[in-house]
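In: My questions concern the predicted model and sequence given below.
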Amino acid sequence: MRRGPLVAVCCALLLVLAGCSGAGGGGDSAAQRGGGDVATGAPAEEAAAAEDAGSDAGSGDGGIAAQVENRQIIYEATVSLRVDDYDAASENLTALARDRGGYVGSTSTRVRGEENRTWTEGTVVLRIPSGNYSGAYEAVRAEGEVRSADQSTDDVTTQVVDLQARLESLRAERDRLRELYDEANDTEDVLAVQRELSDVQTEIERTEARLQSLQRQVAYSTITVQLSEPRPDYEPPTRSAWYETPLTEAFLESVDGVIVLGRGLVVLTAYALPYLAVLAVPTAVAVLGVRKLRDRTEDT
């Protein structure tokens, strides 16, 4: 009897069993872990709220309390500040992030100008450990005049738990497929299991990438700071009447004008010489022809 159909049936059964385990027992085990592999680092007030919620739930409901205390929350904020010195404010924000264990994710700077006025605007994106988010947020607000400030939170606890359960189920399915691969002797069976194994490995990598992305967002909060210097007041240049110019300054300006005029004439002559050379030959020929014609007319 050929082993090809048998292996195909086994692969189909493995897929069905993996789906059932991901929807059932896998989710329960991940929930019991409470996302312990993910760095939460919630702010102090969030932790306090979680502790209050856990105490209100009672000792008889420890599983729910554990889930509340291990919530996976993404913190984001956008603050628009007016500052007197853009460079100084940007350096202070960089030091602020470094002192709190974070870093600057990205920066952008734009220099604006109008007439004789210039001012600087830009954006600094700070990545701060979530445990230090509240303090960093208040420090950012104190860096200048707050024009606007927005905060948002995204509870991704369910997504993290689901991804962990999904990952556990996929890894178990991969292990079973590897066992089938080792036991397969027929070439057709080997290729069939190998295809299934490749698909499962691809899905594992995708799930791991999504889970790691959420973990990074939970571990480090994002504070986007928009900085702008005030636009300077327009000051028109002061000009005096021509007759108020001192004599020495007027004479020197006149001399400079004569020099500029002479230089311009020299440059103009240099530009005109090639054209004069080109036009001189036909002009001379035309003049000679006219003279000869006139001489013949006079002789007759």
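Out: Perfect, I can see it now.
In: the strands in the stretch 201-300 of the chain, which residues?
Out: 220-228 (DSSP state E, counting those that start in this stretch).
In: Which stretches in it count as helices?
Out: 247-299 (DSSP state H, counting those that start in this stretch).
In: what stretches of it score poorly on pLDDT?
Out: Residue ranges of the stretch 201-300 of the chain with pLDDT under 70: 234-245, 299-300.
In: Go again with 80.
Out: For the stretch 201-300 of the chain, applying pLDDT under 80 flags the ranges 232-247, 249-253, 276-278, 280-281, 294-300.
In: One more: the stretch 1-150 of the chain?
Out: 1-70, 114-116.
In: what are the ranges of the strands in it?
Out: With DSSP E, counting those that start in this stretch as the criterion, the stretch 1-150 of the chain has strands spanning 73-82, 103-114, 117-129, 145-155.
In: which one of those strands lies closest to Lys292?
Out: strand 103-114 (68.5 Å; C-beta to C-beta). Where you see a C-beta, it was placed from the backbone N, CA and C, and this is true even at glycine.
In: So which bits of that closest one are buried?
Out: Val104 (16 or more other C-beta atoms under 10 Å).
In: just checking, what packs against it?
Out: Strand 103-114 sits against helix 86-99, strand 117-129, with contacts defined as 3 or more C-beta pairs under 8 Å, 6 or more residues apart in numbering; DSSP states H and E.
In: Columns distance to Thr107 and mean neighbour count on top of the ones you listed, output as TSV?
Out: Formatted as TSV, the helices and strands packed on strand 103-114 follow (distance: least, C-beta to C-beta, whole Å; neighbours: other C-beta atoms under 10 Å):
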stretch	distance to Thr107	mean neighbour count
helix 86-99	7	17
strand 117-129	5	18
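In: Check the gap between Thr158 and Arg71 for me.
Out: Between Thr158 and Arg71 the computed distance is 10 Å (C-beta to C-beta, to the nearest Å).
In: Looking at the two, which is more packed in?
Out: Remark: of Thr158 and Arg71, Arg71 carries more neighbours, 22 against 13, as counted by other C-beta atoms under 10 Å.
In: how about JSON lines for the strands of the stretch 1-150 of the chain, with distance to Leu273 added?
Out: JSON lines is the format used below for the strands of the stretch 1-150 of the chain (distance: least, C-beta to C-beta, whole Å):
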{"stretch": "strand 73-82", "distance to Leu273": "61"}
{"stretch": "strand 103-114", "distance to Leu273": "43"}
{"stretch": "strand 117-129", "distance to Leu273": "45"}
{"stretch": "strand 145-155", "distance to Leu273": "64"}
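In: which residue is nearest the middle of the protein?
Out: Ser106 (6.2 Å; C-alpha atoms, centre = their mean).
In: can you pull the contacts of it?
Out: Thr123, Val124, Val125 (C-beta atoms under 8 Å, 6 or more residues apart in numbering).
In: again, only using 6 Å
Out: Val125 (C-beta atoms under 6 Å, 6 or more residues apart in numbering).
In: Show me what it is bridged to.
Out: For Ser106, the beta-bridge partners under DSSP bridges are Val125.
In: Please tell me how far it sits from Arg147.
Out: Ser106 is 21 Å from Arg147, by C-beta to C-beta.
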